[in-house]
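Enquirer: coords please:
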Amino acid sequence: MLHSALINVMVKAARRAGRSLKRDLGEIEHLQVSLKGPANFVSMADKRAEEMLYEDLAKARPGYGFLGEEGGRREGSDKSHTWIVDPLDGTTNFLHGIPQFAISIALQREDSIIAGVIYNPGNDELYIAERGKGAFLNDQRLRVAGRRQLHDCVIACGLPHIGRGDHALFNREFISLQTKVAGLRRFGAASLDLAFVAAGRLDGYWERDLAPWDIAAGLLMVREAGGTVSGIDGKDDALATGHVVCGNELIHRELVRVLKAAV
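Expert: Take a look at the predicted model:
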């Protein structure tokens, strides 16, 4: 399948950084004997992957700004374009040798995300989306699932852990949905949760307190697969608030209704 020059740049960068992460994943099992060892190793792997991504993207599109999880914001001469990059989404999974992690790259033009790539080096799944051109997994067109009732749906969520998130609020939301759905899942990588919704593997997903690099590419992925995405209030911008809920139009509406009632 032929992709645009922009997508080719993003895919090339993601695959090169992905090869580095996959090699690093193979070393994780040798470091599990020490708590400090794996944590430090993953930090180095994370930063190394981000620098590789920055180098490749900056070489291909000089002047574009760059917002990365590790290095923060790097201003460019072109103020209308910014790369939004998570070099290792799913760090805890990676730390434990679980191959559910991804590189996420999005390009923002002014206030809109126009292209996104999510790549899982662990299983070589490559998700791409470009505004107005659809979403794809390894060149197969994606479409969100068509289920119309929550009781038929499998929904993914974030799960607040020690030091993160509003545990009491999540518990209310979880309990509110628990009796209304066919299943709830927590996979540990927001970008892949969104990609799974786009692929129809999940019927919906919600999570709070995310960063732009966690979700920028995935938001476009879901929309280009025919899904609906918003903040948890239903009409707000998930990229701005960091709170996201998505699914097909009907399931999104039902999730927003249940989640708002839980607050």
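
Enquirer: now for the helix or strand containing residue 55, which elements pack on it?
Expert: Secondary structure assignment for residue 55, by DSSP states H and E: helix 36-60. Under the contact criterion of 3 or more CB pairs under 8 Å, 6 or more residues apart in numbering; DSSP states H and E, helix 36-60 touches helix 5-28, strand 64-68, strand 78-89, helix 91-95, strand 102-109. C-beta: built from backbone N, CA, C; applies to glycine.

Enquirer: please point out which parts of that helix sit buried.
Expert: Applying a neighbour-count criterion of 16 or more other CB atoms under 10 Å, one finds 38, 41-42, 45-54, 56-58 buried in helix 36-60.

Enquirer: for the record, mean pLDDT for stretch 86-96?
Expert: For stretch 86-96, mean pLDDT is 91.

Enquirer: with only the CA atoms kept, save it in PDB.
Expert: Extracted C-alpha coordinates of stretch 86-96, given in PDB (Å, rounded to 0.1, in the frame of the first residue of the first chain):
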ATOM      1  CA  ASP A  86       5.800   9.000  23.400                       C
ATOM      2  CA  PRO A  87       8.900   6.800  22.800                       C
ATOM      3  CA  LEU A  88       7.700   4.100  25.100                       C
ATOM      4  CA  ASP A  89       4.000   4.000  26.100                       C
ATOM      5  CA  GLY A  90       3.500   1.200  28.500                       C
ATOM      6  CA  THR A  91       6.700   1.500  30.500                       C
ATOM      7  CA  THR A  92       5.500  -0.700  33.300                       C
ATOM      8  CA  ASN A  93       4.700  -3.500  30.900                       C
ATOM      9  CA  PHE A  94       8.100  -3.100  29.300                       C
ATOM     10  CA  LEU A  95       9.800  -3.100  32.700                       C
ATOM     11  CA  HIS A  96       8.200  -6.500  33.400                       C
END
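
Enquirer: list the contacts of it.
Expert: Applying CB atoms under 8 Å, 6 or more residues apart in numbering, the contact partners of stretch 86-96 are 17, 21, 25, 28, 32, 38-39, 42, 45-47, 49-50, 52-53, 68-70, 98-104, 188-192, 211, 213-214.

Enquirer: rerun at 6 Å
Expert: The contact list for stretch 86-96 (CB atoms under 6 Å, 6 or more residues apart in numbering) reads 38, 42, 46, 49-50, 53, 69, 100-104, 188-189, 191, 213.

Enquirer: so which residue is smack in the middle of this structure?
Expert: Among the residues of the chain, the one closest to the centroid is residue 191, at 1.3 Å (CA atoms, centre = their mean).

Enquirer: quick one: pLDDT of residue 238?
Expert: 96.

Enquirer: contact partners for it?
Expert: Per CB under 6 Å, 6+ apart, neighbours of residue 238: 229, 231, 244.

Enquirer: can you pull the pLDDT of the residue nearest to the centre of the chain?
Expert: Looking at residue 191, its pLDDT is 98.

Enquirer: output the below-cut-off pLDDT ranges for the stretch 1-150 of the chain.
Expert: Counting by pLDDT under 70, the stretch 1-150 of the chain contains low-confidence residues at 1, 29-42.

Enquirer: neighbours of residue 152, just the number please.
Expert: 12 (other CB atoms under 10 Å).

Enquirer: how about the spatially closest residue to it that is not a sequence neighbour, phi and psi?
Expert: Among residues not flanking residue 152 along the chain, residue 182 sits closest, at 5.8 Å (CB to CB, 6 or more residues apart in numbering). Geometry field for residue 182 lists phi and psi as phi -80, psi -20, criterion degrees, to the nearest 10.

Enquirer: I'd like to know how many residues surround residue 182.
Expert: So residue 182, with other CB under 10 Å, has 13 neighbours.

Enquirer: could you measure from it over to residue 255?
Expert: Counting by CB to CB, to the nearest Å, the gap from residue 182 to residue 255 is 14 Å.
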